[in-house]
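In: sequence and predicted structure are below.
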Amino acid sequence: MGCCSLSARRAGSAGTGQDEVELLKTVRTRKWSNSEGQSEASLHPKDPAILAETEDTEVLWGRTREELVNFLITQPISGWEGMNIHSLGEIIWSSLVFLRSYCMEQEMCECYIVLSSFHLLILSVDRTKKAFVYEGLLPLAGMRLREIASAISHTFEISGSMIESRLICCQNSADFNMWVQHLQHQIKMANAHCPACPNNNISFLVPCDEQWKKRELMRHLLCNTILKWEGKPIQHLGRIQYLTMVQVASGCMGDSEERLLILFPEDLLFLSVDEDRTAITYKGKLPLPGIQAKEKSAMLGRLQFEITGSLTEPILITCSTAEDYEKCLFYLQKPEKILDPLTLQPPPIIPKKSRQRQ
């Protein structure tokens, strides 16, 4: 099918093949094992009639692929986050697949994935309500694709520096061939054009000394590659509560270094920005329950506080504005969890007033 102009939303990630993978289907469950293995050649059909068939036939809920694209544009998607779907641009290809994320140890589940110029949108399928549910939006820049020639037919893996690997199993060889062809091309295009894209121009957003810059930088972090990322994707850390640029000095280093400090509901994230303001690199993450923030009152005139905890050596944070200083302490300083035993006693019972006899 041809490309459809539209504008869009966001998505998720994938894994590697194993000897046995369970696929959840609508009516039944099927297991692939080595006894059902197919050769690598079977993953690359050359029959053009098969390719044409996948474009015009019904794909889901009695709708063709073209009709499903129109459905995406006009109907609400449950759990949608971030940019409007129309901002995604061209829809290159889409289809119903089975997907598994290995770091989440989930079974393969039915998903509808949508390829646009610079993103891969992942939607789960609610067959009861005949609706899509938002699962995530993955940037193509920095993504890697690997074909899997194993017991599982028509399968490829996607991975990247800031997304967990995901295994994607297509329903037939024609769809597999289309995904590999289009996805490889769009990844190449995204890597070539990403630095020149206005949405990825970090130099305009750093230093983030204005509110609009902070908002745009938050969006940028959720949609673009963070170098040397570790752990679960940044989209899974929750909503960003606060973001600012600070100077950081730890016990092992005398000089302070510039860092992006980002507060999530359960984590404190540190990122660095290169001198050319073109790339952002992961520098570490601390769990909020395991750290404390203390004001450095001895340093008069400086907006500083110290982070301590059992998992880290003391870190001295220097803010550039009073607002950043106050906001960081507001989110980092928590009331004491251990209360005096007397405060846990129930309040005394106040006797009711008795009626005076006339």
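Out: Done, it's in. Numbers count the residues shown, from 1 in each chain.
In: any buried residues in the strand ranked longest in the chain, and which?
Out: Determined from DSSP state E, the single longest strand within the chain is strand 90-101. Neighbour-count burial for strand 90-101, counted by 16 or more other C-beta atoms under 10 Å, picks out 90-101. Placement of C-beta: from N, CA and C, glycine included.
In: identify the farthest-apart pair in those residues.
Out: 90 and 100 (27.5 Å; C-beta to C-beta).
In: low-confidence ranges in the protein?
Out: 1-56, 82-83, 102-106, 150-151, 161-162, 193-201, 251-254, 297-301, 334-358 (pLDDT under 70).
In: run me through the strand neighbours of the helix or strand hosting residue 243, direction for each.
Out: Under the criterion of DSSP states H and E, residue 243 resides in strand 242-250. Applying DSSP bridges to the sheet, strand 242-250 is found paired with strand 257-263 (antiparallel), strand 312-318 (antiparallel).
In: in the last one, what's buried?
Out: Right, the one you point to is strand 312-318. 312, 315-318.
In: and for stretch 57-74?
Out: Buried positions in stretch 57-74, judged by neighbour count with 16+ other C-beta under 10 Å: 59-60, 64-66, 68-69, 71-72.
In: measure that stretch end to end?
Out: End-to-end distance of stretch 57-74 (C-alpha to C-alpha, to the nearest Å): 21 Å.
In: begin at 16 from here
Out: With 16 as the first residue, the last one maps to stretch 72-89.
In: in the stretch 16-165 of the chain, which spans are strands?
Out: Using DSSP state E, counting those that start in this stretch, the strands of the stretch 16-165 of the chain run over residues 19-20, 36-39, 44-47, 105-116, 124-131, 134-141, 146-154, 159-163.
In: is it possible to export the ones you listed to TSV including distance to residue 189?
Out: Output for these, formatted as TSV (distance: least, C-beta to C-beta, whole Å):
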stretch	distance to residue 189
strand 19-20	19
strand 36-39	18
strand 44-47	19
strand 105-116	10
strand 124-131	16
strand 134-141	19
strand 146-154	23
strand 159-163	15
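In: and those strands: which comes nearest residue 197?
Out: Closest to residue 197 of these is strand 105-116 (C-beta to C-beta; 4.7 Å).
In: just want the angle from the closest one to strand 134-141.
Out: Counting by axes from the mean of the first three to the mean of the last three C-alpha atoms, to 10 degrees, strand 105-116 points 60 degrees away from the direction of strand 134-141.
In: can I get strand 105-116 in CSV, CA atoms only?
Out: Taking Å, rounded to 0.1, in the frame of the first residue of the first chain, the C-alpha atoms of strand 105-116 are listed here in CSV:
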residue,chain,number,x,y,z
GLU,A,105,3.7,9.6,7.0
ILE,A,106,2.4,6.1,7.8
ILE,A,107,4.8,3.8,5.9
TRP,A,108,3.5,0.4,6.9
SER,A,109,1.3,-1.2,9.6
SER,A,110,0.1,-4.7,10.5
LEU,A,111,-1.0,-7.1,13.2
VAL,A,112,1.9,-9.0,14.8
PHE,A,113,2.9,-10.9,17.9
LEU,A,114,5.4,-9.1,20.2
ARG,A,115,7.5,-10.1,23.2
SER,A,116,9.7,-8.0,25.4
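In: list the strands paired with that strand, with their directions.
Out: Sheet pairing of strand 105-116 (DSSP bridges) gives strand 19-20 (antiparallel), strand 124-131 (antiparallel), strand 178-185 (antiparallel).
In: residue 204: which of those is closest?
Out: Within the strands paired with strand 105-116, the stretch nearest residue 204 is strand 124-131; the backing value is 11.3 Å (C-beta to C-beta).
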